[in-house]
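Visitor: One predicted model, sequence on top.
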Amino acid sequence: MGYQLYAHPRYKADERNVLVYTGEHWGDEQKYEYVALILEALAKLAVSPTTHGSARVDIHPMARVFRIAQPGRRAAHVILYAVVEPGSVWFPHGKALLQGVLKPRPRSQLLRRHAPQHT
């Protein structure tokens with residue numbers, strides 16, 4: 001069974017900003033590596049978000065993170081997400097791709113408790 005991935009409309013802008021910054025500071029080769037790592041991470045989360053990510057209840061009771069780095073492939077970002085209902089994964093707006101180690105923050109800042117409205 002696969003999971004449906006849902007993202008806040010601003011998620012794509014966040015992803016694009018990370019890729020633009022990566023390209024400007026580390027070059028196109030690293031930017032394309034990031035694209036591949038992000039796509040691989042999303043593919044894994046679509047199959048099994050609870051196996052591949054780690055719970056982060058210090059952020060929010062439903063919060064999980066997935067480090068996009070892979071063995072031999074460095075990356076500083078993690079993807080913040082929640083499994084909001086059976087078969088659905090939600091990526092919050094603006095801060096779904098985060099750099100470095102996540103520190104506890106007020107829960108309302110990073111992940112909303114409610115699921116997106118599915119149509």
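Guide: Perfect, thanks for sending it.
Visitor: C-alpha only now, for contacts and for neighbours.
Guide: Will do.
Visitor: got the CA positions of the longest strand along the chain in CSV?
Guide: The residue-count maximum for a strand in the chain (DSSP state E) belongs to strand 77-85. Once side chains and other backbone atoms are set aside, the C-alpha atoms of strand 77-85 remain, and they are given as CSV (Å, rounded to 0.1, in the frame of the first residue of the first chain):
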residue,chain,number,x,y,z
HIS,A,77,18.5,19.0,5.3
VAL,A,78,15.7,16.9,6.8
ILE,A,79,12.1,16.8,5.7
LEU,A,80,9.5,17.6,8.3
TYR,A,81,6.2,15.7,7.9
ALA,A,82,3.3,14.0,9.6
VAL,A,83,1.2,10.9,8.9
VAL,A,84,-2.2,12.6,9.3
GLU,A,85,-4.5,9.6,8.6
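Visitor: Quick check: phi and psi at Ile59.
Guide: Listed backbone geometry of Ile59 is phi -90, psi -50, with angles given as degrees, to the nearest 10.
Visitor: Work out for me the element Ala13 sits within.
Guide: Using DSSP states H and E, Ala13 maps to helix 11-47.
Visitor: Just the angle for that helix relative to strand 77-85, thanks.
Guide: Orientation check (axes from the mean of the first three to the mean of the last three C-alpha atoms, to 10 degrees): helix 11-47 against strand 77-85 gives 70 degrees.
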